[in-house]
Structure formats: structure tokens, C-alpha cells
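Student: Take this sequence and fold it.
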Amino acid sequence: MRPTAALFTFLPFALCLLHFGLADAQAVAPSPAVGAGLLAKVCGLCKNRNLCLSSLGADPNAQGADLSGLTLISIRVATANATNTSAYIRRMLNDTSLEPAVQQALNDCADSYNDAVQQLDDSLAALTVRNYADLRKWVKTAVKEVDSCGGAFMELGSADKLGVANRSRTVKHLCNNALTVMGVLQKNRQ
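Tutor: Numbers count the residues shown, from 1 in each chain. Predicted coordinates:
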């Protein structure tokens with residue numbers, strides 16, 4: 001079986017384990033420094049500290065989460081934002097009044113965001129089995145996909161009236177925050 005096919009076979013099972021098993025795993029073997037201060041401490045390590053605090057802090061589970069929980073929340077936040085941006089791009093593709101260069105950039109971005117969302121979904125499966133190497137690889141790959149979309153619109157300059165470059169920048173920052181949080185988790189698991 002190809003690795004990709006195996007992942008898609010395993011992904012639903014892994015997501016169920018993640019959904020039902022993460023809370024129990026946290027209770028049995030919590031990471032160091034569980035508590036409300038952990039969020040501030042971990043976000044303090046991020047380049048985009050305020051975005052980290054606001055995006056993770058909006059989740060009601062963040063205040064009592066350990067490092068595994070914060071990693072999960074950070075990936076979910078990045079995935080949700082990437083999914084919303086992907087949906088926005090698909091809606092904009094229906095606008096026939098856009099210039100051909102903008103339409104082409106949107107088409108490229110739609111492909112990039114489909115790949116980015118898939119990579120972020122795969123990273124959730126990697127987290128459930130504590131495969132930190134794949135977790136990091138897939139989030140970094142998602143960042144590259146998002147960068148390629150943002151770059152396409154940056155080349156248009158003022159033609160990016162749709163704000164796709166700004167949306168892509170936010171998704172990239174959220175992914176980078178997730179990478180920082182997972183780096184702290186990985187260091188504490190070794």
C-alpha cells in the first residue's frame with residue numbers, strides 16, 4: 001500500500017483517537033507546566049505572540065491545556081483559517097469580472113490551499129501517534145503552499161484588492177505559531 005493511501009486509511013481512525021483519547025492521555029501523562037500560564041509562556045516564544053495569544057486563547061480548552069493540547073489547538077486554528085481562506089478563494093473564482101491575471105492567481109491559490117489544508121489534516125494524524133518528524137514536515141509543507149499563493153498575489157501588487165495576500169500571511173503566521181508550539185512539545189517529550 002502506498003504511504004499516502006495508508007495515511008488516508010489511517011486518518012479517520014487517528015482523528016477518532018485524537019478526539020476521544022487526547023483528554024485521557026493528558027490526564028494520565030500531562031506535560032510539564034499545565035495551566036493558564038503555559039499559554040502565555042508558549043506564545044511568548046512565538047514571533048507572532050499576540051496572534052498566538054488571541055487565536056489559541058479563543059479556544060475554551062486552551063487555559064487548562066498541556067503542551068499536547070496547545071499543539072492540537074494551534075493546528076486546528078491554522079487548519080480552520082486555511083479552510084476558510086480556501087473557501088473564500090473558491091467563492092472569488094466565481095467572479096467573472098476579475099482580470100485574467102487575478103483569475104489565474106486565484107486558480108493557483110485554490111490548488112495551493114487544497115494541498116495546504118490536506119497537509120494540515122495529515123499533521124493532526126501525525127500528532128495522534130506522536131510522529132513529530134511528520135508533524136513538522138507537513139506543517140512546513142503547508143506553509144510553503146500558502147507562501148506560493150501569497151507570492152502570486154504579491155506579484156500583482158495593488159491588483160490584490162481581494163486581500164488574498166493578507167489572508168495568506170495570517171495563515172502562514174498561524175502555521176508558524178503551530179511549529180513553535182510543537183517544537184516546545186517535542187523538546188519536553190524527549
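Student: CA only for contacts and neighbour counts going forward, please
Tutor: Will do.
Student: any idea how far Ile89 lies from Ala178?
Tutor: From Ile89 across to Ala178, the span is 23 Å (Cα to Cα, to the nearest Å).
Student: Comparing the two, which shows the higher neighbour count?
Tutor: More neighbours surround Ala178 than the other of Ile89 and Ala178, with 28 against 21 (other Cα atoms under 10 Å).
Student: Now do that one, the pLDDT please.
Tutor: Reading off the per-residue confidence, Ala178 sits at a pLDDT of 97.
Student: dump the residue contacts of it.
Tutor: By Cα atoms under 8 Å, 6 or more residues apart in numbering, the contact list for Ala178 reads 71, 74-75, 78.
Student: quick one: which of those is nearest Gly57?
Tutor: Nearest to Gly57, judged by Cα to Cα, of the contacts of Ala178 is Ser74 at 10.0 Å.
Student: Find the residue closest to the closest one in space, skipping its chain neighbours.
Tutor: Beyond its immediate neighbours in the sequence, the residue positioned closest to Ser74 (Cα to Cα, 6 or more residues apart in numbering) is Ala178, lying 5.0 Å away.
Student: Does the one you found lie in a helix or a strand, and which?
Tutor: For Ala178, the host element (DSSP states H and E) is helix 164-189.
Student: same thing with Gln63?
Tutor: Of the helices and strands defined by DSSP H and E, none includes Gln63.
Student: and it, how many neighbours?
Tutor: 19.
Student: ok, back up a step: quick one: mark the members of the contacts of Ala178 that sit in helices.
Tutor: The helices in this structure, assigned by DSSP state H, contain 71, 74-75, 78 from these.
Student: Okay then, goodbye and thanks.
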